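**Student:** here are the coordinates; sequence isn't available:
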């Protein structure tokens, strides 16, 4: 044993002798006692902190399952269930509050109107399981249940949907009216929308994340429109194929609010084919185009569509062909039309312009009867948005020039609209 190792032992032996002399306890008994553990700096502080932490944990309130989030009131307990409930209001000033479909409609003398245009309650989320998604939407203005659907998600983008929803045919109609750049959809929407239908659908993704990335939808719809139920002599097949060149789908929302630094676009084709007693569809349900009656019709529609968002710029375009035939009389008609719409946050290019301001423009053309003479319908609209909180709180103003030609003479109308859109 070295002198260094022996020094602590000698020191301890001397201390035992001194304590023995003072206390009267033998050195052997003292040597058998275990020495107390030496206190380390900070031990008292650690103990105190642990005690305070326990006290603070006892004072903390239990985690709330309810909160107000980006979609509205959210219910998010522990587990897979995560539901939300939202409210949406749309107030509109319109100098020509009607939906013209013919030249004579533009000659109507209609008073300016200020009204609550939409008042909707909607909600959804995952219910009980991560793979079970539910959604509903109710319009108090009509009043009517617009959407009631459930979606089963199987992974890898594959999903099965049941219920009633806005069919996945064309981008402009899939876009929520609350996420549009202009006050209302284009002139072509009246003629070509497939709209909400009861049905069943499969959808998925192919080659996800690659240059061949694609989204697809295959749906069987009732052909009876919103709230129309089903009939044995009615049914529409719908197929949509959307190529996502950048490996990521472009969301169904108008305007590049996120100012993407790389372009994101899509190219889509779609077809609808089947039998239906109606010749047009809208949020109000099934209806008839001018000159058609309730009967059994063959309906076939084709769509070509493109869309791009980049640095505050947005582009979307649709071209439609619609063929109708009365199954009892053989009468047939072909409709063609579509629109081009562009938008820009000019602040991306000129710093003097406020970042909350977006400008948009749209040109829409419809030929209601191919080969039926001079009956072209035209719409040119310019508008601007001021975003207080994205699409959830915005003010939109637009000015439109409408021109409808007909054999009996054409007609023109200018229209101004101002709308406040807010979601709670």
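**Tutor:** Okay, I see it. As the structure is a computational prediction, the values presented were derived from the model and not from experiment. Numbers count the residues shown, from 1 in each chain.
**Student:** which ones are touching residue 305?
**Tutor:** The contact partners of residue 305, by CB atoms under 8 Å, 6 or more residues apart in numbering, come to 170-171, 266-270, 316-319. In short, each C-beta sits where N, CA and C put it, glycine included.
**Student:** ok, residue 361 next?
**Tutor:** Under the criterion of CB under 8 Å, 6+ apart, the neighbours of residue 361 are 341-343, 380-383.
**Student:** that one - that's part of a strand, no?
**Tutor:** Yes: checked against DSSP: H, G, I helix; E, B strand; the rest coil, residue 361 lies within a strand.
**Student:** hang on, residue 117 packs against residue 421?
**Tutor:** No: with contacts defined as CB atoms under 8 Å, residue 117 does not count as touching residue 421, sitting 9.3 Å away.
**Student:** higher neighbour count, the two?
**Tutor:** More neighbours surround residue 421 than the other of residue 117 and residue 421, with 24 against 21 (other CB atoms under 10 Å).
**Student:** look at residue 178 and give its secondary structure.
**Tutor:** Going by three-state DSSP, the state assigned to residue 178 is helix.
**Student:** how far away is it from residue 229?
**Tutor:** Between residue 178 and residue 229 the computed distance is 28 Å (CB to CB, to the nearest Å).
**Student:** and residue 183, by the same measure?
**Tutor:** In terms of CB to CB, residue 183 sits 32 Å off from residue 229.
**Student:** more neighbours: which of these two?
**Tutor:** Neighbours per residue (other CB under 10 Å) separate residue 183 from residue 229, with residue 183 holding more: 24 against 10.
**Student:** a strand runs through that one, doesn't it?
**Tutor:** No: Residue 183: not assigned to a strand; according to three-state DSSP it is coil.
**Student:** does it touch residue 399 like I think?
**Tutor:** No: look at residue 183 against residue 399 with CB under 8 Å: they stay out of range, at 10.2 Å.
**Student:** overlap in contacts, these two.
**Tutor:** residue 383.
**Student:** wait, residue 114 sits on residue 97?
**Tutor:** No: at 9.3 Å, residue 114 does not count as touching residue 97 under the criterion of CB under 8 Å.
**Student:** the more surrounded of those two?
**Tutor:** residue 97 (16 against 11).
**Student:** just give the closest residue to the more buried one, not the sequence neighbours.
**Tutor:** residue 113 (4.1 Å; CB to CB, 6 or more residues apart in numbering).
**Student:** same question, residue 140
**Tutor:** Setting aside the residues directly before and after it, residue 140 is nearest to residue 119 in space (CB to CB, 6+ apart), at 4.4 Å.
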